[in-house]
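Engineer: this one's structure only:
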């Protein structure tokens, strides 16, 4: 019996909902403000020591799990059909993943894909950009805003609500 997490943008809070069945389609209403437009997010499985459990990493906004699952299914089907010797097709597959999930690529990944789209050898690109690619996150969830315009981190409501 799964527990799902949903984010309410109006309350800036993450709520946990218990479901008696696996249900990737149902979206509950916010228990506080009755908002019907909650966003499903990936559950957090591990908590690092010293972390304030009432806050969420500000660089990790809610992720729509069903959207991510659909994107992975589409990409898995397309990956079977690409020509492994054509760097352009591999780069196009990564672009489709980025578009389907709404995730932006980091600057190193953008440069690597641009070079592969021009037909450059992926092994040469990796040899030249390997250090950059290893030192950065491949996908960015959002552009950082100035501190003045930043919303406070979402709060986590530890109550387990029925879905």
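Structural biologist: Structure's in. What do you need? A quick note: this is a predicted structure, and the numbers were derived from the prediction, not measured.
Engineer: residues contacting stretch 70-79, please?
Structural biologist: Stretch 70-79 is contacted from outside by 93, 96, 97, 100, 101, using C-beta atoms under 8 Å, 6 or more residues apart in numbering. From N, CA and C alone the C-beta is placed, and that goes for glycine too.
Engineer: would you check that residue 33 makes contact with residue 13?
Structural biologist: No. Taking contacts as C-beta atoms under 8 Å, residue 33 lies outside contact range of residue 13: 9.1 Å.
Engineer: and these two? which has more neighbours close in?
Structural biologist: residue 13 (20 against 10; other C-beta atoms under 10 Å).
Engineer: tell me the contacts of residue 127?
Structural biologist: So residue 127 contacts nothing (C-beta under 8 Å, 6+ apart).
Engineer: closest to residue 3 among the contacts of stretch 70-79?
Structural biologist: Minimum distance to residue 3 across those is 22.7 Å, recorded for residue 101 (C-beta to C-beta).
Engineer: quick check: that closest one touching residue 68?
Structural biologist: Yes. Between residue 101 and residue 68 there is a contact under C-beta under 8 Å: 5.7 Å.
Engineer: packing partners of whichever strand or helix holds residue 157?
Structural biologist: Using DSSP states H and E, the element containing residue 157 is strand 155-162. If you count contacts as 3 or more C-beta pairs under 8 Å, 6 or more residues apart in numbering; DSSP states H and E, strand 155-162 packs onto strand 13-18.
Engineer: average pLDDT for the strand it packs on?
Structural biologist: Throughout strand 13-18, pLDDT has a mean value of 90.
Engineer: I'd like to know which elements it is packed against.
Structural biologist: strand 3-8, strand 155-162.
Engineer: what pairs with it, parallel or antiparallel?
Structural biologist: Note on strand 13-18: by DSSP bridges, its sheet partners are strand 3-8 (antiparallel), strand 155-162 (parallel).
Engineer: what about residue 91, how many residues close to it?
Structural biologist: 21.
Engineer: what strand or helix carries the residue lying closest to it once chain neighbours are set aside?
Structural biologist: Nearest non-adjacent residue to residue 91, counting by C-beta to C-beta, 6 or more residues apart in numbering: residue 116, 3.9 Å away. Using DSSP H and E, residue 116 maps to helix 107-117.
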